[in-house]
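Colleague: need a structure here:
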Amino acid sequence: SSDVCSSDLLTARGVQLAEDFRYLTSSSHGQLDATFLPSDRQQDHQDRSYLRYTDITDIQHGLRFDADIANVSDSNYFESFAVGTEQTSVTYLERRADLLYYDDVWRIRGQLQNYQTIDISVPDSERPYSRVPRIEANALYPFDSSNFEFAFDSEAVNFLRGVGPTGVRLNLSPEIRWSSRGPGYFFEPAVGYDFTQYDLQDAGLGLPSTPSRSLPYARLDTGLVFEREAGSHGQRTQTLEPRLVYSYVPYRNQDELPIFDSGLPDLNLTELFRTNRYVGSDRIGDAN
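Modeller: A predicted model of the protein is given here:
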């Protein structure tokens, strides 16, 4: 472990104390960063502070704890003390703690997560929800005697916020895939079913408190992989990978469903081949 404690004289503000503690053991590593400036002369003698704690601990094989928790004393902290535009433009600080279990088939995550809003100009109705708790359970089970695989994704989340609808969302998505792979090619059709159920408070005037959505979907993912040696001495491998994905997702009217954590991400190579163009389970885009 290492522990660094320092004090800085900020002539216009006062004396700032800083603590940086790191630790490393055979099963965990983490860090605690803290600063404290009592009675800031440029901020009406307000106490100013910043705290961030990170930790990853392998409790045993297949069981891990992961935390990232941060807090600042006021919304102007980063404008006063941050270095660089990346820090001065911070809108939210995340507080998250995960407990992860994994084995050859299952991956289960329990999570507590909320955010401190730094940019107080963001309206309450546009601030992120707290997810307390969030439980994910994902499985991938191969059938021994064939190329079939059974995949199962599920999530249960309790969404909390001071304004707007709140409540629980349950999402279940089983899928069957058939995979054929060989030198230079892959061919993977899949069919699945997606079911989402809500239990809401303050759903809105005329909206149901327990809306749901269900739909089947199908996907065909196939491609080729060509590779060759490259470089003056053949020290690199260059690949050319043409790929084709066909998706079919039927249309469902989703106007009665709230939007807790869904949106359209920026288009990139990963998003280009996703069956659902949205992230989050509140919306599923129809596709053909």
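Colleague: residues touching residue 161, list them.
Modeller: Applying CB atoms under 8 Å, 6 or more residues apart in numbering, we find residue 161 in contact with 124, 127, 128, 129, 130. Where you see a C-beta, it was placed from the backbone N, CA and C, and this is true even at glycine.
Colleague: Report the two of the residues you listed separated the most.
Modeller: 124 and 130 (12.9 Å; CB to CB).
Colleague: Of the two, which one has the most company?
Modeller: residue 130 (19 against 10; other CB atoms under 10 Å).
Colleague: contacting residues around the more buried one?
Modeller: Here residue 130 is in contact with 113, 114, 115, 159, 160, 161 (CB under 8 Å, 6+ apart).
Colleague: Out of these, who's the most crowded?
Modeller: Most crowded among the contacts of residue 130, counting by other CB under 10 Å, is residue 159 at 23 neighbours.
Colleague: Quick check: beta-bridge partners of residue 215?
Modeller: When bridges are called by DSSP bridges, residue 215 pairs up with residue 194.
Colleague: from memory it sits against residue 254, does it?
Modeller: No: between residue 215 and residue 254 there is no contact, the gap being 10.1 Å when judged by CB atoms under 8 Å.
Colleague: what do those two both touch?
Modeller: residue 284.
Colleague: picking up where we left off before, which one among the contacts of residue 161 gets closest to residue 211?
Modeller: Comparing these against residue 211 with CB to CB places residue 129 closest, at 17.0 Å.
Colleague: Could you pull up phi and psi at residue 269?
Modeller: Backbone torsions for residue 269, taken as degrees, to the nearest 10, come to phi -60, psi -40.
Colleague: Tell me the confidence at it?
Modeller: On pLDDT, residue 269 comes in at 86.
Colleague: Next one: it from residue 241, what distance?
Modeller: 11 Å (CB to CB, to the nearest Å).
Colleague: Between those two, which is the more surrounded one?
Modeller: The neighbour comparison of residue 269 against residue 241 (other CB under 10 Å) goes to residue 241, with 10 against 7.
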